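> Quick one, structure for this:
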Amino acid sequence: MNTSKILNVLLLIALVALVAKMVFFPSSSADSSSEAVMDNILTRTSVRSYQDKPVEDAKVEQMLRAAMASPSAGNKQPWKFVVVKDKATLSAISAQMNTMRMAEKAPLAIVVCGDLTNTFPEDGRDYWVEDTSAATENLLLAAHSLGLGAVWCGVYPLRERVAYMQELLKLPSYIVPLNVIPIGYPAETPTPKDKWKPENVHYEVWGGK
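Alright, predicted model coming up:
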């Protein structure tokens with residue numbers, strides 16, 4: 001048997017093996033993917049200390065893409081994002097708000113905002129809060145999956161914080177900052193908290209087992 005025939009036989013064997021794996025073990029790759037997703041969710045934690053190392057623009061875009069993939073009421077997508085890398089701005093945020101001291105040492109922060117002109121009227125107006133919160137969680141999970149650390153620092157609904165961030169970032173009055181997310185390569189490894197509490201779960205009605 002010449003070399004070309006041997007190669008063809010080997011390729012055929014490999015193809016048969018691959019098809020057999022897909023037919024008889026179809027869930028193996030899906031199970032692995034599911035485990036990876038759950039692991040990313042359960043191991044994510046707030047990181048407040050960062051290395052003196054810039055975050056690549058490609059990773060910033062990946063986080064923003066993940067944020068914008070979030071669900072939103074009526075598909076309004078009322079989110080807007082301000083990426084802040086300027087050290088003076090990060091220092092100003094840190095100095096003004098005592099819960100955001102870590103911003104000064106972060107290589108960047110992303111401010112997640114809601115656009116009040118792109119939400120529902122009257123009682124539905126505040127759906128923007130739910131929508132931008134969903135976007136924030138996607139952003140945090142994406143950061144973790146990319147080897148980055150981040151922490152959610154609340155702005156809205158505290159009026160003083162909202163006003164300060166609007167002035168600092170020159171936001172229009174209809175753009176409301178929900179939070180500030182300092183991001184960087186972790187300089188600490190905090191242990192994720194196990195927050196599972198069965199007593200918080202009710203079935204069918206309140207108190208249902």
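> how about the helices in this protein?
3-24, 28-43, 57-68, 87-96, 127-145, 159-168 (DSSP state H).
> other SSEs contacting the lengthiest strand in the chain?
Longest strand in the chain by number of residues (criterion: DSSP state E): strand 175-184. Helices and strands touching strand 175-184, as assessed by 3 or more C-beta pairs under 8 Å, 6 or more residues apart in numbering; DSSP states H and E, comprise strand 108-115, helix 127-145, strand 149-150, strand 153-154, helix 159-168. Heads up, the C-betas are built off the backbone N, CA and C, glycines and all.
> and residue 110, what does it touch?
Counting by C-beta atoms under 8 Å, 6 or more residues apart in numbering, residue 110 makes contact with 60, 63, 64, 81, 82, 83, 84, 139, 180, 181, 183.
> Spatially central residue for the protein, please.
residue 139 (1.8 Å; C-alpha atoms, centre = their mean).
> Roughly how far does that one sit from residue 121?
To residue 121, residue 139 is 27 Å away according to C-beta to C-beta, to the nearest Å.
> same deal with residue 54?
According to C-beta to C-beta, residue 54 and residue 121 sit 42 Å apart.
> go on, residue 161?
26 Å.
> So for these two, which sits in the more crowded spot?
The residue with more neighbours, out of residue 161 and residue 121, is residue 161; 21 against 6, by other C-beta atoms under 10 Å.
> contacting residues around that one?
Contacts of residue 161 were listed using C-beta under 8 Å, 6+ apart, and they are 97, 154, 155, 177.
> Does the first one touch residue 153 like I think?
Yes - counting by C-beta atoms under 8 Å, residue 97 sits close enough to residue 153 to count as a contact (7.3 Å).
> ok, how many other residues are close to the closest residue to residue 168 other than its chain neighbours?
Once flanking residues are discounted, residue 168 sits nearest to residue 92: 6.0 Å by C-beta to C-beta, 6 or more residues apart in numbering. Applying other C-beta under 10 Å, we find 16 residues neighbouring residue 92.
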